[in-house]
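[1] just to be clear, the model below is a prediction. Sequence and coordinates:
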Amino acid sequence: MKKVVLIISILFSIGTAQAQDFGGKFLVKESEFYNKPFVFSNRGETEKIIEFVKAYNAMDANKCATFIADKCVVIGFDGVKTTLTKEDWKNYFANYTSINWEILSIVPLRIKDTDPTSGVLINSIETRVGKDGSVWKKELIELFAFDLDLKVSNINQYSQDIPKK
């Protein structure tokens, strides 16, 4: 009988425990969103990124262009800021024989009690093989920001080299 009561108590406590639905803080002091927490976003960002990765790995420039806004600000792993347009995709893959972008995790986020613009935090490993035989391989942490039309409008990228085995 004690086991049954214990099991029922555990199940009841699990069932009534409240999951936290927000956390962290946005701490840019000059922002109107200062000190607001983050929540998970569910506008379809994860699915969009998965579709984008398929097109990117297939080196399908036309399909890749459909996922970004008319102008997408990119701050690369090297700190260089560029603006990527839909037209830029035409030449993006010109120097590569293959690309493999392997996503390890995707976390969709937005700032609580704000409009539905959102972002995804992605951890991945990307390998690019150049037509000259060079291999670019890095582990990446990237923040993809989505506009209200669910198009990627900003990308911030951080990287580390992956040691050769």
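    Arrived safely, thanks for sending.

[2] residue ranges for the helices of this protein, please.
    2-16, 45-57, 61-65, 89-92 (DSSP state H).

[3] my read is that residue 74 contacts residue 155, right?
    Yes. Applying Cβ atoms under 8 Å, one finds residue 74 in contact with residue 155, separated by 4.6 Å. C-beta coordinates here come from the backbone N, C-alpha and C atoms, glycine included.

[4] next, show the common contact partners of these two.
    Shared contacts of residue 74 and residue 155, defined by Cβ atoms under 8 Å, 6 or more residues apart in numbering, comprise residue 84.

[5] who does the lengthiest strand in the chain pair up with?
    Using DSSP state E, we find that the single longest strand of the chain is strand 96-111. Applying DSSP bridges to the sheet, strand 96-111 is found paired with strand 38-40 (antiparallel), strand 118-130 (antiparallel).

[6] any chance of a markdown table for those, columns distance to residue 151 and mean neighbour count?
    Output for the strands paired with strand 96-111, formatted as a markdown table (distance: least, Cβ to Cβ, whole Å; neighbours: other Cβ atoms under 10 Å):
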| stretch | distance to residue 151 | mean neighbour count |
| --- | --- | --- |
| strand 38-40 | 20 | 17 |
| strand 118-130 | 12 | 18 |
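
[7] mind checking which of those strands is nearest residue 101?
    Relative to residue 101, the nearest member of these by Cβ to Cβ is strand 118-130, separated by 4.7 Å.

[8] centre of the chain to that closest one, how far?
    Relative to its chain's centre, strand 118-130 lies at 8 Å (Cα atoms, centre = their mean, to the nearest Å).
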